[in-house]
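In: Got a predicted structure here, sequence first:
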Amino acid sequence: MPQRQSDESQLEILSKMYGRYHLGLERGVTLALSKASYRKDCASFLTSDFHDFDQEHFGGTEPVDVFLTCLEQLHSCQVLDVGSGLGGAARHIAQAGCMRVTAVEVHPDRARLAIMLNKLVALDKRVEVLPCDFLTADLDENSYDGVLAILSILHMPEKQIALKKISNSLKPSGRFLIEDFVCPRPLTEEESSFMREEISCPNLMSLDSYLHTLNSAGLRVDSVEQRTVVWAEASRGRLKTFRDNRLRYLNDFSHAEVEDINRLFTASANMLTDRIVEGYRIIGTKTAGIS
Ligand SMILES: C[S@@+](CC[C@H](N)C(=O)[O-])C[C@H]1O[C@@H](n2cnc3c(N)ncnc32)[C@H](O)[C@@H]1O
């Protein structure tokens, strides 16, 4: 299988990008937890208590619920969550009854927060967080019944390697659900540099190349769903809510952090609305290794 050295410069960009919001995020999470525990009289949390901040993609738990419908005999399933962020999807899957979820997250502070949240809902025995780069992670092959990768491959410079690793980690007939950005046309130098440097989305592919790469990796595509309009609307809504609550954000975040979040939310609303990138949900099955 292809191996790679980790791309330090892209990891640094990623780490800086997520690092910029991390302290604020951590303060926001602590505040949300203190409100939830106050509301409940006792500090026993439900996974849904975290949904306002732990589903770091569009549509809340909806894409995760769609992924769950792809899995059979959930109680004996092992699932891999690639680029798991704060672990919201992984916990939702475990809560639904999945036997074991392995959550791979490269940003150490995000992995740490995920581990803390897992413990608060007593799912730490069934959701294992691996704080490492998925592209170089040492994962068991032919082992997972399902792989989920929501808005994470877009950050990885070598998408071919990421997709091949997904294929290798799946059992034959294992299912996957990927949500990702693709480019409807070649990006200008300025656009690609913005995508790479500002939001850490290097080397985005066209949909055709993406589907071809999946096939070459031994992954059959069962459905492809264009999500751009839904994501664009959601990201404009997120931007509006953020701007309407800007003053309240200043209670939890520094002025510079608020400006950074504003830039990130504005950029993602614009690039989806202007179709510089498009969003897709791709569901499929591993065929390699099936004779
Ligand atoms: C937009 S967030 C999505 C998080 C999660 N999948 C969700 O939907 O809630 C993307 C996550 O992918 C992680 N990530 C990016 N590149 C990665 C890599 N090479 N290995 C592991 N995680 C990675 C980021 O650190 C970030 O937490």
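Out: Cool, got the structure. Being a predicted model, the structure only gives us computed values, none of them experimental.
In: and after the longest helix anywhere in the chain, which helix or strand comes next?
Out: Counting by DSSP state H, the longest helix found in the chain is helix 8-40. Using DSSP states H and E, the helix or strand that follows helix 8-40 in sequence is helix 51-54.
In: just checking, next helix/strand downstream of that next one?
Out: By DSSP H and E, the next helix or strand past helix 51-54 is helix 62-70.
In: buried sites along that next one?
Out: Pro63, Val64, Val66, Phe67, Leu68, Cys70 (16 or more other C-beta atoms under 10 Å). For every residue, glycine as well, the C-beta is placed using N, CA and C.
In: Now do the longest helix of the chain: which elements does it pack against?
Out: helix 51-54, helix 108-120, helix 189-197, helix 246-252, helix 255-273 (3 or more C-beta pairs under 8 Å, 6 or more residues apart in numbering; DSSP states H and E).
In: Around the ligand, pick out the residues from the chain.
Out: For the chain, the residues in contact with the ligand (C-beta under 6 Å from any ligand atom) are 14, 18, 55-57, 83-85, 88-89, 104-107, 110, 133-135, 150-152, 155-156.
In: If any of those are buried, put those into a PyMOL selection.
Out: Those of the residues of the chain next to the ligand that count as buried under 16+ other C-beta under 10 Å are selected in PyMOL with:
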select buried, resi 14+18+55+56+57+83+84+85+88+89+104+105+106+107+110+133+134+135+150+151+152+155+156
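In: picking up where we left off before, which stretch in the helices and strands packed on helix 8-40 has the least confidence?
Out: For the helices and strands packed on helix 8-40, mean pLDDT drops lowest on helix 246-252, to a mean of 82.
In: What residues sit buried inside stretch 239-258?
Out: Leu239, Phe242, Tyr249, Asp252, Phe253, Glu257, Val258.
In: right, and the fifth one touches Asn262 too?
Out: No: counting by C-beta atoms under 8 Å, no contact exists between Phe253 and Asn262, whose distance comes to 10.4 Å.
In: Extract the CA atoms of stretch 240-257 and return them as PDB.
Out: The C-alpha trace of stretch 240-257 is given here as PDB (Å, rounded to 0.1, in the frame of the first residue of the first chain):
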ATOM      1  CA  LYS A 240     -25.900  35.400   9.800                       C
ATOM      2  CA  THR A 241     -26.400  33.800  13.300                       C
ATOM      3  CA  PHE A 242     -22.700  34.500  14.000                       C
ATOM      4  CA  ARG A 243     -23.000  38.200  12.900                       C
ATOM      5  CA  ASP A 244     -26.300  38.600  14.800                       C
ATOM      6  CA  ASN A 245     -24.600  37.300  18.000                       C
ATOM      7  CA  ARG A 246     -21.200  38.900  17.500                       C
ATOM      8  CA  LEU A 247     -21.400  40.800  20.800                       C
ATOM      9  CA  ARG A 248     -22.200  37.700  22.700                       C
ATOM     10  CA  TYR A 249     -19.200  35.900  21.000                       C
ATOM     11  CA  LEU A 250     -17.000  38.600  22.400                       C
ATOM     12  CA  ASN A 251     -17.800  37.300  25.900                       C
ATOM     13  CA  ASP A 252     -16.200  33.900  25.100                       C
ATOM     14  CA  PHE A 253     -13.700  34.800  22.300                       C
ATOM     15  CA  SER A 254     -11.100  37.600  22.000                       C
ATOM     16  CA  HIS A 255     -11.600  40.200  19.300                       C
ATOM     17  CA  ALA A 256      -9.000  38.600  17.100                       C
ATOM     18  CA  GLU A 257     -10.700  35.200  17.400                       C
END
